Structures are given as C-alpha cells and as structure tokens.
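S.K.: Okay, predicted coordinates and the sequence, questions at the end:
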Amino acid sequence: MNYWLMKSEPDTFGIDDLQRKPEQTEHWDGVRNYQARNMMRDDMQPGDLVFFYHSNCAEPGIVGIMQVVKAGYPDFTAFDPDNIHFDPKSRPDNPTWFMVDVKFVRELARNITLKELKEKSELAELALLRRGNRLSVMPVGAAHWDFILGLE
DNA sequence: GCCAACGTTGGC
DNA sequence: GCCAACGTTGGC
C-alpha cells in the first residue's frame, strides 16, 4: 500500500464538502499537470491512503485522511466544453487526463499546518516541502506518513 | 494583492 | 531545440 497527499482549496472543495458527498466519495477531477496525472493513472491503487491538504487558504495544512477507492480512469470533465476543466486535446478515445475516486476516512483531530510541518527536520525531504511544491498530488513515504500522524 | 517558482506555449 | 512570454499555483 502507498501513501499520498492531495491538495484542494477549501473555498472550492474542502474536506467538509467530501464528507457531505453521497457515500462520502468523490472523483478527484481537474488535475491538469502531467506529473500528477501519471501518479493517478499509474500508481494510485484502491486501499492507498491519502492526506487531504487545504491549500491557498488562511491556514494551509493537512486536515484529514482519504482512501483511494477507484484507480485511475479518464477525467471526463476534460471532455465537457461547459466544464471549467474542459481540455479539447483530451479525447474519449485517447484521454490526456486521469483521476481517481477517493473516500472520506476521517478528519484529523486538528489541522497540522504547513507552518508546523516546515519546522520538523524529520520532514525535510517531504515532497510538499521541497522546491516549488506546486504538485497537487504527491507521494508520501511510510515513515513520513507515520511521523505526521504522530503529530496529531 | 503581491510575487516567486514553476509549467506550458509558440516563434524562430 | 532554445528560450521568452505567458499563465498558474499557492504562500504570505
């Protein structure tokens, strides 16, 4: 089993929104970055656990845990001209973009903030804290996963 | 709202 | 294939 972190802006789709979804499950659409696409298409498997990270907000940080419930499949929002994530170069017979389905597992007892994560030397190699850190989907090593949960 | 750090696009 | 211009992300 592998561990991941996925970012979302709480103003657009926060962990509360996931919790309110039918079956508390949602397709993680709209990722338009090739590195993130590759991970969702090739590497993320049902059963994998995912940190839900709130970005672009007052207190960015890890707020909960999700589980992958469906492996990578074509992101159909790319096919819909009326969708904000429409991309004409992605076609149903040769899709460019992929997504996974995730299910709410639980909220963390508290927001483990970016600020706090940055203070931990144990997390220096965490992808979230590395150069650029703009990927919206990234892997988390098992040791990092356990360490972060230990902060809760 | 600013701006640094990207990734993408397109002219050449 | 290079690289400048542009758009986006996301912390602050």
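M.R.: Arrived safely.
S.K.: Dump the longest strand belonging to chain A to CSV, restricted to CA.
M.R.: Of all segments of type strand in chain A, defined using DSSP state E, the longest is strand A:98-113. Only the C-alpha atoms of strand A:98-113 are listed here, as CSV (Å, rounded to 0.1, in the frame of the first residue of the first chain):
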residue,chain,number,x,y,z
PHE,A,98,-7.0,10.9,-15.4
MET,A,99,-8.4,11.0,-12.0
VAL,A,100,-9.1,8.6,-9.1
ASP,A,101,-12.0,8.3,-6.7
VAL,A,102,-11.4,8.9,-3.1
LYS,A,103,-13.5,8.3,0.0
PHE,A,104,-13.5,10.2,3.3
VAL,A,105,-11.9,8.3,6.1
ARG,A,106,-11.7,10.8,8.9
GLU,A,107,-10.7,14.3,9.9
LEU,A,108,-7.6,14.8,11.9
ALA,A,109,-8.1,16.0,15.4
ARG,A,110,-6.6,19.2,14.3
ASN,A,111,-5.1,21.0,11.3
ILE,A,112,-1.5,20.0,11.1
THR,A,113,-0.4,23.2,9.5
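S.K.: next helix or strand past that strand?
M.R.: Beyond strand A:98-113 on the C-terminal side, the first helix or strand identified by DSSP states H and E is helix A:114-118.
S.K.: Does that following helix reach DNA strand C?
M.R.: Yes. If you take Cβ under 7 Å from any atom of the strand as the test, helix A:114-118 does meet DNA strand C, through A:Leu114, A:Lys115, A:Lys118. From N, CA and C alone the C-beta is placed, and that goes for glycine too.
S.K.: Backbone dihedrals for the residue of chain A positioned farthest from its centre, please?
M.R.: Distance from the C-alpha centroid of chain A peaks at A:Asp93, with 25.9 Å (Cα atoms, centre = their mean). Phi and psi for A:Asp93, reported as degrees, to the nearest 10, are phi -80, psi -10.
S.K.: Per-residue pLDDT of it, please?
M.R.: We have a pLDDT of 89 for A:Asp93.
S.K.: Kindly report the same for the one 10 residues further on.
M.R.: At A:Lys103, the model reports a pLDDT of 98.
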